[in-house]
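Undergrad: pasting a predicted model and its sequence here:
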Amino acid sequence: MSRTEIVQYIDRADLIADRLARENQPPGTLPGHLLISLFFENSTRTRASFQIAGQHLGFNVVDMSLATSSTGKGETLLDTAMTLNAMRPDVLVVRHAMSGVPHLLSHKVNCAVINAGDGNHEHPTQALTDALTIRRRKGTLEGLTVAICGDIMHSRVARSNIRLLTIMGSTVRVVAPATLMPAGIETFGAEPFESMAAGLEGADVVMMLRLQLERMHGSHVPSTREYFRFFGLDSDKLRAAKDDAVIMHPGPINRGVELDSVLADDIGRSLILEQVAHGVAVRIAVLEALVQKAATGAPG
Amino acid sequence: MLAPGLIDTRAHLREPGAEHQETLFTASRAAAAGGITSILCTPDTDPVIDGVAEVEFISRRARETSLVKVYASAAITVGSQGRQLTEMGLLAESGVLAFTDANRAVENAGLMFRALKYARSLDLLLVQHPEHPTLTDNGTMNAGPLATRLGLPSRPPIAETILVERDLRLAEAAGARIHFPILSTRGAVAAVRAAKERGVSVTAGTAPHYFSLTESEVEGWRTFAKVSPPLRVEADRAAIADAVVDGVIDVIASDHSPHHEDSKRQPFEQAAFGMAALETVLPLSLEFVHSGRMSLLELLQRVTSGPAAIFGVPGGRLAAGEAADLVLLDLDRAWVLDAKEFRSKSQNAPYTAHPVRGKAIRTVVDGRPVFGGEQ
């Protein structure tokens, strides 16, 4: 995605967010489209926000959760995609635990495919949501210092945010213990730090990531207690950041593991619930753009 | 140009157990087209070749169906489970030329040490896959910025260096021979080079994709480029090529790993490891000759007399009294490597329009033409 495209999406989502806040309605509807959301992995907010976005636009929304069924296995993945494709959807929203699955499916279907998060690869609509949230609070993305902290290695949110924010002119830092820092992250334009004190120094935005349960008990970090001591965000560590620094988290939060409850609920500094609200606006903007593109024959 | 038939010392032939991917016959058809007249197959079949009965099955099926000569390697440990040593002596008596747990390295250092000592007492060759299982973890491609960008769990080069360094020390202490069949990293090459200099009985091989391709083939989650060890970066590719030229790598083998389409049309993390390669060894290796880096004789050593000497495979040279296993080469024939044209039962390889030069135009086994001409 180019800077121009990102700005277009964020501008449009900004306007939609205003309309949703005022009238709980987007600026226009595009009825008659079929959206199938195909979630091979559990999700609450992304899945709900795509559904709500589709409903706001007057789409027919079919929600399929395949996380617990045998279809979650890769062997029938392409069959599932081709079956759904035969039902002629306009948009397929795909979430999968493995990287590259939306890319793989997009070769098998005729409709637009939206990546709603794939493995450790990307989560583009979350990054757009975060960018909109930051811009609405800070007025700009240019020149801001954003510290993304926690399990960078297994985070698609981190990867998408690094890409988008560096394109938009922010300075991006990543803060993690070495066991959760992916190889070559500096080549993506993010500066790596292994201590919160140094990584948060002078930051405008502190973005915390969820630590997956299975990584907490000895395989990547010794314990949740030790992790919170060194990498969890509390008011003490937050003091290194700017006085007006804001706190973000893509959710769901492990309270007391990566983020202290008091900070998560601090309405002056925490943008976590705004991120959720803006997620709907961003997804409306993305759906609109895709079906309009399809109507004009431009490639999705 | 007449040359001894190529000897391929590492190919996964899938029979018995996965005949939908390859059989001894279909593999031999591909081998013959690639100028290969002898194959040493890996024991990772179903069942695993870890007993005399399985070896006899391979010999009989090869006699009945194969166009080229097939020799068996057997597992180092029963079922390749890494726990109990196989009956190496009896297996050797039944014709096994080398011992390997195929794509699984023996993880337990103590067991590997005993396997090496035991093998030394019977003068047998152990062949070890060069990746430490606890360091490869569940990785699917080379570690580095590309894996980070594609969001794929990865295998760091150190997984190869550590295993190779470990086994070099174990082989040295045991006074045993060891062969690493498919090196992919500059670290492992340096380790083998240093060990050779201090007199360790080590030999090494690589497969054509490790000196022809890099991890960039994986871009777009292309599962046909998913191999174990993984394709690496340019510096590793260049180091592997240099090692083939200077002889630190003694052998070029195919590591032919046929897979049915269904095992590859998958999310990258679930797709099978390996590529079909019987028909790529000759044309990709000849690039060393065309670029002037090696003479034809030096290159042929890596695929004929070199592997023959290390593994004790008969043949590998042109001499009176030797079997008439021959290949007629057209060294300058320019053609395009396209996996869809492979004669193997499986066409899993990332070559679609790869220009190459040099081709087998006739292959003869024991005086009988098996490819080209009137068969």
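TA: All right, it came through fine.

Undergrad: from the contact counts, what lies against whichever strand or helix holds A:T125?
TA: Secondary-structure assignment from DSSP states H and E places A:T125 in helix A:124-138. If you count contacts as 3 or more Cβ pairs under 8 Å, 6 or more residues apart in numbering or on different chains; DSSP states H and E, helix A:124-138 packs onto helix A:3-23, strand A:112-118, helix A:156-167, strand A:205-208, strand A:246-248, helix A:272-296. To be clear about C-beta, it is placed using only N, CA and C from the backbone, and glycine gets the same treatment.

Undergrad: go with 7 Å
TA: Using 3 or more Cβ pairs under 7 Å, 6 or more residues apart in numbering or on different chains; DSSP states H and E, the elements in contact with helix A:124-138 are helix A:3-23, helix A:156-167, strand A:246-248, helix A:272-296.

Undergrad: export these to TSV and tack on distance to chain B, mean pLDDT and mean neighbour count?
TA: Written out in TSV, the entries for the helices and strands packed on helix A:124-138 read as follows (distance: least, Cβ to the nearest Cβ, whole Å; pLDDT from 0 to 100; neighbours: other Cβ atoms under 10 Å in any protein chain shown):
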stretch	distance to chain B	mean pLDDT	mean neighbour count
helix A:3-23	18	96	16
helix A:156-167	6	98	23
strand A:246-248	21	97	23
helix A:272-296	20	93	20
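
Undergrad: quick one: closest of these to B:A53.
TA: Using Cβ to Cβ as the measure, helix A:156-167 is the one of the helices and strands packed on helix A:124-138 that comes nearest B:A53, at 49.5 Å.

Undergrad: outside of the closest one, which residues touch it?
TA: Residues outside helix A:156-167 that contact it (Cβ atoms under 7 Å, 6 or more residues apart in numbering or on different chains) are A:3, A:6, A:117-124, A:126-127, A:130-131, A:141, A:146, A:148, A:152, A:172, A:174, A:188-190, A:207, A:209, A:250, B:151.

Undergrad: what distance separates that helix from the centre of its chain?
TA: 9 Å (Cα atoms, centre = their mean, to the nearest Å).

Undergrad: alpha carbons of that helix, in PDB - could you do that?
TA: Once side chains and other backbone atoms are set aside, the C-alpha atoms of helix A:156-167 remain, and they are given as PDB (Å, rounded to 0.1, in the frame of the first residue of the first chain):
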ATOM      1  CA  ARG A 156       1.300  -9.700  12.800                       C
ATOM      2  CA  VAL A 157       0.000  -6.400  14.300                       C
ATOM      3  CA  ALA A 158       3.600  -5.300  14.900                       C
ATOM      4  CA  ARG A 159       4.600  -6.100  11.400                       C
ATOM      5  CA  SER A 160       1.700  -4.300   9.800                       C
ATOM      6  CA  ASN A 161       2.200  -1.300  12.100                       C
ATOM      7  CA  ILE A 162       5.900  -1.100  11.400                       C
ATOM      8  CA  ARG A 163       5.200  -1.000   7.700                       C
ATOM      9  CA  LEU A 164       2.400   1.500   7.800                       C
ATOM     10  CA  LEU A 165       3.900   3.900  10.400                       C
ATOM     11  CA  THR A 166       7.300   4.000   8.700                       C
ATOM     12  CA  ILE A 167       5.600   4.800   5.400                       C
END
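
Undergrad: and the next helix-or-strand element following it, what does it pack against?
TA: Proceeding C-terminally, helix A:156-167 gives way to strand A:171-175 as the next helix or strand, assigned by DSSP H and E. In terms of contacts (3+ Cβ pairs under 7 Å, 6+ apart), strand A:171-175 is packed against strand A:145-149, helix A:156-167, strand A:190-193, helix A:196-200.
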